[in-house]
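Below is the structure, and that's it, no one-letter string:
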């Protein structure tokens, strides 16, 4: 049994992301703008916040209204966690920069990754800040609750698919553009396939996906600019949008690999 996670209190959430508790939209938004408090009644629907992050701002006037991202776990998973847990991922802002969006993700206890699932499994539920949208939020939450078994089935299939060395490298090469532009050349791109823990020394598709994810997001990878010759060392990804982009891209590639390796695999199942 995995170590349980303790949900965050409102005080803990507010200390990490004050924008989460903003009570009104940014002053420049339209009069038709419908303010949607980020937490809503998710706790009442048995989804509890376990992690939160807030984007930085260039315009100090928008501080407190910027994009934020909250991960929720269901009550049942909090009291009886497993190796992979389906999470509800909530994105929002109060300055029109980000629609209120609910997605599904997988929390992998072994490395604390929050993996954003591709739209082929759960189409991200975007809720515009216009009109009465409370029912839309409830519908999105209900849909994630219903799709949980399907998501976990996808993970089990990924874990059953084995990759050889050349297939892992092909996965890595396909993933490079998610993080590095074409004019950037890495010294040792295969370093992205190096596990950061002994538990990840496996050859299945799901583990390979998670190793790439962790390394692309956080590892320091060196290389040079092919146009200027200038050297660089990659930094940890802190942008919420880029984090999501990389995670969704990796899942899409894994889906394609699964459909090739296993003819019975249905990408949109």
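Sure, I can see it. As the structure is a computational prediction, the values presented were derived from the model and not from experiment.

And the pLDDT at residue 107?
At residue 107, the predicted lDDT confidence score is 89.

Are we agreed that it is in a strand?
Yes. Residue 107 forms part of a strand when assessed by DSSP: H, G, I helix; E, B strand; the rest coil.

if I look at residue 9, how far off is residue 88?
Distance check for residue 9 against residue 88: by Cβ to Cβ, to the nearest Å, it reads 18 Å. (Each C-beta comes from the backbone N, C-alpha and C, glycine too.)

more neighbours, these two?
residue 88 (23 against 10; other Cβ atoms under 10 Å).

what residues are up against that one?
42, 47, 71-74, 102-105, 141, 144 (Cβ atoms under 8 Å, 6 or more residues apart in numbering).

give me that answer again for 10 Å
Taking Cβ atoms under 10 Å, 6 or more residues apart in numbering, we find residue 88 in contact with 42, 45, 47-49, 70-74, 102-105, 140-141, 144-145, 148.

So which of these belong to strands?
Secondary structure from DSSP state E places 47-49, 70-74, 102-105 of the contacts of residue 88 in strands.

Farthest pair within these?
Spanning the widest gap among those are 48 and 103, at 17.0 Å by Cβ to Cβ.

Of these two, which one has the most company?
The residue with more neighbours, out of residue 48 and residue 103, is residue 103; 25 against 19, by other Cβ under 10 Å.

Residue 225 versus that one, what's the distance?
34 Å.

now swap in residue 261 and tell me
Separation of residue 261 from residue 225 (Cβ to Cβ): 35 Å.

The two: which has the busier surroundings?
Per other Cβ under 10 Å, whichever of residue 261 and residue 225 has more neighbours is residue 261, with 16 against 13.

Return the residues in contact with the closest residue to the more buried one other than its chain neighbours.
If the residues on either side of it in the chain are set aside, residue 261 comes closest to residue 161, at 4.9 Å by Cβ to Cβ, 6 or more residues apart in numbering. Taking Cβ under 10 Å, 6+ apart, we find residue 161 in contact with 167, 203-206, 208, 254, 257-258, 260-262, 265.

what's the distance between residue 161 and residue 141?
In this view, residue 161 and residue 141 are 31 Å apart by Cβ to Cβ.

next one: residue 184
Distance from residue 184 to residue 141, counting by Cβ to Cβ: 40 Å.

list the buried ones in stretch 160-168?
Residues of stretch 160-168 classed as buried: 161, 163, 167-168 (neighbour count, 16 or more other Cβ atoms under 10 Å).

and if you look at stretch 228-246?
234, 240, 243-244, 246.

Could you identify the least confident member of those residues?
Comparing the buried residues of stretch 228-246 by pLDDT, residue 240 comes last, at 82.

Look up how far residue 144 lies from the nearest residue to that residue once chain neighbours are set aside.
Using Cβ to Cβ, 6+ apart and skipping the chain neighbours, the partner closest in space to residue 240 is residue 69 (4.9 Å). Using Cβ to Cβ, one gets 16 Å for the distance from residue 69 to residue 144.

for the protein, what helix or strand is lowest in average pLDDT?
When each helix and strand of the chain is scored by mean pLDDT, DSSP states H and E, strand 125-127 comes last, with a mean of 61.

show me where the stretch 101-250 of the chain has helices.
Using DSSP state H, counting those that start in this stretch, the helices of the stretch 101-250 of the chain run over 134-160, 165-179, 205-218, 240-261.

next one: the first one to chain centre, how far?
Translated: helix 134-160. 14 Å (Cα atoms, centre = their mean, to the nearest Å).

Which elements pack onto that helix?
Contacts defined by 3 or more Cβ pairs under 10 Å, 6 or more residues apart in numbering; DSSP states H and E place helix 134-160 against strand 47-54, strand 68-74, helix 75-79, strand 84-92, strand 100-108, strand 125-127, helix 205-218, helix 240-261.

can you state the direction angle for it and strand 68-74?
70 degrees (axes from the mean of the first three to the mean of the last three Cα atoms, to 10 degrees).

residues of helix 134-160 that come out buried?
Those would be 136-137, 140-141, 144-145, 147-148, 151-152, 154-155, 157-158, for helix 134-160 by 16+ other Cβ under 10 Å.
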